[in-house]
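Asks: Give the three-dimensional model of this entry:
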Amino acid sequence: LLIGVRNGRLCGEENIFLVFGQAHRDEEDKLDFKGGNVHIITSKEGWDQKIAEANRDGKTVVANFSASWCGPCRVIAPVYAEMSKTYPQLMFLTIDVDDLMDFSSSWDIRATPTFFFLKNGQQIDKLVGANKPELEKKVLAVADGSSSK
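Replies: Residues are numbered from 1 along each chain as shown. Below is the predicted model:
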């Protein structure tokens with residue numbers, strides 16, 4: 001696995017690179033989840049609200065901790081958005097680790113993207129990296145588990 005570092009966080013890349021300094025933050029730098037049903041989490045309160053909603057509705061949550069500067073995060077974003085349309089029985093969330101640093105740290109995010117799978121607010125699975133086949137496999141597994149109820 002090849003890893004890059006920016007602002008003290010790891011990011012899997014095609015090539016190893018090191019970048020130090022502040023992430024450039026423009027609106028066009030945001031990850032593109034257009035066309036999907038991905039809920040962008042911008043606060044701890046927003047997270048709590050969506051987790052409560054998922055628990056109430058019996059939905060499994062797929063939470064994507066990512067960063068706008070992370071190449072693999074950008075590559076997987078449209079795949080994630082498409083999955084959110086394909087599996088409406090799941091709730092898809094995304095959290096920008098730079099926007100919610102303390103919250104992301106509380107989840108021990110060491111690389112981006114990192115995906116957590118939560119049922120009733122509890123972690124049931126995790127995937128680190130933008131591995132499309134593995135993400136699809138894990139999402140399908142939790143979707144099958146959700147639809148069997």
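Asks: now the residue most central in space within the chain, nearest residue through space, not along the chain?
Replies: Nearest to the mean C-alpha position of the chain, counting by Cα atoms, centre = their mean, stands N64 at 0.7 Å. Counting by Cβ to Cβ, 6 or more residues apart in numbering, T94 is the residue found nearest to N64 once chain neighbours are left out, at 4.4 Å. The C-beta positions use only the backbone N, C-alpha and C, and glycine is treated the same way.
Asks: Direction included, what does the helix or strand where F65 lies pair against?
Replies: Secondary structure assignment for F65, by DSSP states H and E: strand 60-66. Applying DSSP bridges, strand 60-66 is found paired with strand 90-96 (parallel), strand 114-119 (antiparallel).
Asks: avg pLDDT for it?
Replies: Taken as a whole, strand 60-66 has an average pLDDT of 98.
Asks: quick one: buried residues of the next helix or strand after it?
Replies: Remark: after strand 60-66, the chain's next helix or strand is helix 71-86, criterion DSSP H and E. For helix 71-86, the neighbour count (16 or more other Cβ atoms under 10 Å) marks G71, P72, C73, R74, I76, A77, Y80, A81, M83, S84 as buried.
Asks: which one of the residues you listed is nearest A143?
Replies: M83 (8.8 Å; Cβ to Cβ).
Asks: contacting residues around the closest one?
Replies: M83 makes contact with G36, V62, F92, L135, E136, V139 under the criterion Cβ atoms under 8 Å, 6 or more residues apart in numbering.
Asks: Filter the residues you listed down to just the buried residues.
Replies: G36, V62, F92, L135, V139.
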